[in-house]
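Q: Sequence unavailable; structure follows:
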Ligand code: NDP
């Protein structure tokens, strides 16, 4: 059996054209969703992610602004910039590109963004809303994964989902979203004893570790849906996932490639969150 490859690029393309139509109709009502990205420092990886985010924003017609500061700005300065964007009605989404230089506390920065403009979905208020089942902004990578699984018609309810990784940005929120979809969820991490015992039971296997090719074909249940979040740059320069794709695709029913799987969808969901934020903020203004 060879798995169906989940084409994140194609799914993203479709989703972006739907978003473009939605933005067009919002503009007709006088609402232009705006996204501001703040970058501190010159990390080539961050610059490349932002390029992708800008492209998606422009493709769907968002107002887009990039604020790029040198790596030696102070935390106070950055917090003031965030305050300015919090007050700026043209921008419904604010994203501070992580990681930040070591002298800036990421938690202070995330806390400073207004929850309703937190399009990364990292603010404790949005995390709390996710856990308690309230509507809020959900972290982009997990939101994109659920969307891809649904589009592919993968059944989640009653299925065993195993998430490898427990980070705040991927592992924990995807576990919550899968729970919300009525999957039975197991979360594994670096201290899990006998990881493969768990992965082999997974109807849905989400891998977000950051270790190239750690999950082998023999770790995958026959017919499982395998979502590889990992992005690892090999010495050769090649980008590879956490799952050994060539082996795993012979076991799985569905599988995402790296690149071209989760990555494009993450960026698209940032645009989706910006549109969502704009609708929620503008609806709130009308009620007030
Ligand atoms: P983190 O480093 O924050 O978390 C990694 C998680 O993997 C931790 O929970 C860690 O466990 C666990 N882990 C590490 N080694 C093992 C192991 N040997 N066995 C089992 N679990 C292990 O990473 P992120 O969640 O931020 O990212 C994970 C990967 O996904 C990275 O490659 C990243 O680049 C990629 N990524 C891709 C995105 C995309 O859009 N495609 C978006 C976000 C991330 P413990 O908690 O015990 O340390």
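A: Noted; the coordinates are in hand. A quick note: this is a predicted structure, and the numbers were derived from the prediction, not measured. Numbering: from 1, shown residues only.
Q: What count of nearby residues applies to residue 220?
A: For residue 220, the count of nearby residues is 27 (other C-beta atoms under 10 Å). Just so you know, the C-beta spots here come from the backbone N, C-alpha and C atoms, and that holds for glycine as well.
Q: Those residues of the stretch 151-288 of the chain touching the ligand, which are they?
A: 164-167, 169-171, 188-192, 195, 208-211, 214, 229-232, 262-263, 266 (C-beta under 6 Å from any ligand atom).
Q: again, only using 5 Å
A: Counting by C-beta under 5 Å from any ligand atom, the stretch 151-288 of the chain comes close to the ligand at 165-167, 170, 189-190, 208-210, 229-231, 262-263, 266.
Q: for the stretch 1-150 of the chain, same thing?
A: So the stretch 1-150 of the chain meets the ligand at residue 141 (C-beta under 5 Å from any ligand atom).
Q: Going along the chain, name the strands of the stretch 1-150 of the chain.
A: 4-5, 34-40, 63-69, 93-96 (DSSP state E, counting those that start in this stretch).
Q: So this protein: which segments form each domain?
A: 30-114, 140-263 (automatic domain parsing).
Q: And the longest one, end to end?
A: Across its full length, domain 140-263 reaches 10 Å between end residues, using C-alpha to C-alpha, to the nearest Å.
Q: And for residue 129, the neighbour number?
A: Neighbours around residue 129, by other C-beta under 10 Å: 17.
Q: surely it meets residue 136?
A: Yes: counting by C-beta atoms under 8 Å, residue 136 is a contact partner of residue 129 at 3.3 Å.
Q: Quick check: bridge partners of residue 36?
A: residue 65, residue 94 (DSSP bridges).
Q: so how far is residue 71 from it?
A: Look at residue 36 and residue 71: by C-beta to C-beta, to the nearest Å, they are 19 Å apart.
Q: Comparing these two, which residue is more hemmed in?
A: Legend: neighbour count by other C-beta under 10 Å for residue 36 and residue 71, higher for residue 36 (24 against 14).
Q: Looking at per-residue confidence, what score does the more buried one get?
A: At residue 36, the pLDDT value in this model is 98.
Q: again, but for residue 288
A: At residue 288, pLDDT is 73.
Q: how much space is there between it and residue 282?
A: Counting by C-beta to C-beta, the gap from residue 288 to residue 282 is 11 Å.
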